[in-house]
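Q: Build me a model from this:
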Amino acid sequence: MKRLNQFCAVVCYAFCVTFCFALLPLVGFVNGPASSAQAEQGDSLTAPLRRLEQGVKRITLSNGLRVLLYNRPQVPIFSAQVWVKVGGVDEQVGATGISHLLEHMAFKGTTSIGTKDYSREKPLLEELEQLVVSLKPGENLLTHPEYLRINTELSKIVDDNAFSRTYQQLGAVGLNAATSKDYTMYDVSLPTEAFPVWCRMEGDRLVNPVFRQFYKEREVVQEERRSRTDDNPSGLSYEALLSTAYWVHPNRLPVIGWSTDLKRMTATQVAELHRTYYRPDNIVVSLVGDLEVEGLEEKLEECFGQLPRATTPLPEVRVEEPKQNGERSVVVEFDAEPSFIIAYHKPVYPDPTDVHFSVLHEVLGGGRSSLFNKELVLGKQLATSVSSTEAPGERFPSLFAAVASPRKGVSNERLRDEVQALFDRLKREAVPASELVAAKRRVQVSLIAGLADNDGLASMLARFELLQGDWRVFLRMYETLLQTTAEDLMQLSQKYLTINNRTYVRVERPKVPQKSSDSREGKS
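A: Numbers count the residues shown, from 1 in each chain. Below is the predicted model:
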């Protein structure tokens, strides 16, 4: 299953928004392309954006679940995504990683898919949970005689790959899922004729999930954590960054979970998370492609309308991170080449500064003419790479960060100071008008390939609808992008890119202990 690369692959949605607009006249998001004359004008996207706005249809089912439809009938295929507003930020210490584990379990099937006889399977699963609760400290569940007996019985009636195999037999492409700080999403593309089956399967796993083979899958996730974090300097430094930059907010918790929490997690806990968050008012379904399907809305109501309407308020994240008043730093010792991250607290949308940061990203790291490359890689030749990114999420104040690897013989501290000096220069000197215009243009076209297909547009629509409450928010974000000035970049640099607001995480090789000068050999 696809996972979000926790740091370097994080793309702020302010970027994504602008990419979407650039695509509209180029890849047929709307009915009719813009003329070449229009494309040269600053407001050339206004008309096609409005046509896109008219083309997207929002359906609200009887239980409150929202579905976004965009019909693109060129090819008889469609992309479908189900987004749930639950992720690492909704977790607590003691149960970290639970949203991610639930994502894994969502592929294990339902009461009707993946079992030969659920009436026999259910009591065995309940017996297994009772065994887990009764284990003494230090006992290994996977080698316990009762676990082996129960698992042997379950293996006779369970096929935990049936859900994925059914999709594959339908010709599915990109069957995937991902968990982030802010959401969990499920993704697949299928031939249009498979729409009724998709509808039944997705509705079924929302309404009737069965978390079978949970304890085996828990081991898979623990191994994933070991390979991606514990044995990986990038993973360790990212985890150290969050736990250092955030002292109280759940943004500090790893999406994959702490290993101690994973070891204790139970299927009962995962089922409770599902009951709490997988509810109609917390889910958005996005469909893009050839959707001229007879009875489409009725089928959606039939399959997804079975999910019970919520009767209680959703849990809220009420914790606020206090202002940082001084640099924080941490060293990660690892037998790897030196590298570092410097990160600064920043706001998220609807604060317009969030959109300004998307332009700053491009000024700093957008191609060979960018400041990072021109000044630090090619010019002073201090770095093998320097890039900027944002993490960990979009629902709560986040971090702007520079990730860098110094050249051999250059210390982390030397390169860090040069990066900071570049930021300080941005506080005093305005970005030249030509560079600002070029940066905006690059932002608009950078992800054309990624959003030219059904899957890209489905993701865009669902993301904004779920996290911002209305997918059309990106229209306003685009307007803010066009209005971003060099003064805006100077102001955000002055306010946010300060040492007092900085968290510095560096990877260094472990120091080799030196022999004591008092040691003697060959004493008589």
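
Q: Geometric centre of this protein: which residue is closest?
A: residue 180 (3.7 Å; Cα atoms, centre = their mean).

Q: Now do the same contact list for that residue.
A: 4, 87-88, 255, 392-393 (Cβ atoms under 8 Å, 6 or more residues apart in numbering). For glycine as for every other residue, the C-beta is placed from the backbone atoms N, C-alpha and C.

Q: can you give me the strands for the stretch 51-200 of the chain?
A: 57-60, 66-71, 77-84, 173-179, 184-191 (DSSP state E, counting those that start in this stretch).

Q: out of the ones you listed, deepest packed?
A: Highest mean neighbour count of the strands of the stretch 51-200 of the chain: strand 77-84, a mean of 24 (counted as mean count of other Cβ atoms under 10 Å).

Q: Give the pairing partners of that strand; include direction for each.
A: Paired strands of strand 77-84, with direction, are strand 184-191 (antiparallel), strand 283-289 (antiparallel) (DSSP bridges).

Q: Need the residues that contact the shortest one.
A: By Cβ under 8 Å, 6+ apart, the list of residues contacting strand 283-289 from outside reads 65-72, 75, 77-85, 189, 192, 202, 206, 300, 304, 307, 454-455, 457-459, 461-462, 465-466.

Q: Could you check the angle it makes with strand 66-71?
A: If you take axes from the mean of the first three to the mean of the last three Cα atoms, to 10 degrees, strand 283-289 sits at 10 degrees to strand 66-71.

Q: Identify the residues contacting the residue nearest to residue 335 when sequence neighbours are not counted.
A: Excluding the flanking residues, the one nearest residue 335 by Cβ to Cβ, 6 or more residues apart in numbering is residue 509, at 5.8 Å. The neighbours of residue 509, taking Cβ under 8 Å, 6+ apart as the test, are 333-336, 338.

Q: Format the residues you listed as a markdown table; extra columns: distance to residue 513 and neighbour count.
A: Shown next, in a markdown table, are those (distance: Cβ to Cβ, whole Å; neighbours: other Cβ atoms under 10 Å):
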| residue | distance to residue 513 | neighbour count |
| --- | --- | --- |
| 333 | 13 | 13 |
| 334 | 17 | 18 |
| 335 | 15 | 8 |
| 336 | 19 | 15 |
| 338 | 20 | 20 |
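
Q: What is the nearest of those to residue 367?
A: residue 338 (25.4 Å; Cβ to Cβ).

Q: so who does the spatially closest residue to residue 263 that is not a sequence neighbour touch?
A: Closest residue to residue 263 apart from its sequence neighbours, by Cβ to Cβ, 6+ apart: residue 222 at 7.1 Å. Applying Cβ under 8 Å, 6+ apart, we find residue 222 in contact with 259, 262-263.

Q: Can you say which of those residues are buried?
A: Burial by neighbour count, judged by 16 or more other Cβ atoms under 10 Å, picks out 259, 262 from the contacts of residue 222.

Q: Closest to residue 350 out of the contacts of residue 222?
A: For the contacts of residue 222, the nearest to residue 350 is residue 262 (35.5 Å; Cβ to Cβ).

Q: From what I see, the closest one and residue 217 are in contact.
A: No - Residue 262 is beyond contact range of residue 217, at 10.7 Å (criterion: Cβ atoms under 8 Å).

Q: Any regions of this protein where pLDDT drops low?
A: 1-49, 445-452, 514-524 (pLDDT under 70).

Q: Using the record's assignment, carve it into domains.
A: Using automatic domain parsing, the domain parsing of the chain gives 58-304, 328-448+472-508.

Q: Out of these, flag the one nearest residue 317.
A: Nearest of the domains of the chain (Cβ to Cβ): domain 58-304, 5.9 Å.

Q: Give me the distance between the two termini of the closest one.
A: 15 Å (Cα to Cα, to the nearest Å).

Q: now that domain, how far from the centre of its chain.
A: 15 Å (Cα atoms, centre = their mean, to the nearest Å).

Q: burial of residue 464, as a residue count?
A: By other Cβ atoms under 10 Å, the residues close to residue 464 number 26.

Q: mind pulling up the phi and psi values for residue 248?
A: Main-chain dihedrals, residue 248, degrees, to the nearest 10: phi -130, psi -30.

Q: which residues does it contact?
A: For residue 248, the contact set (Cβ under 8 Å, 6+ apart) comprises 319-322.

Q: swap in residue 76?
A: 191-193, 290.

Q: about what we covered before: shared neighbours, residue 262 and residue 217?
A: Counting by Cβ under 8 Å, 6+ apart, the residues touching both residue 262 and residue 217 are residue 101.
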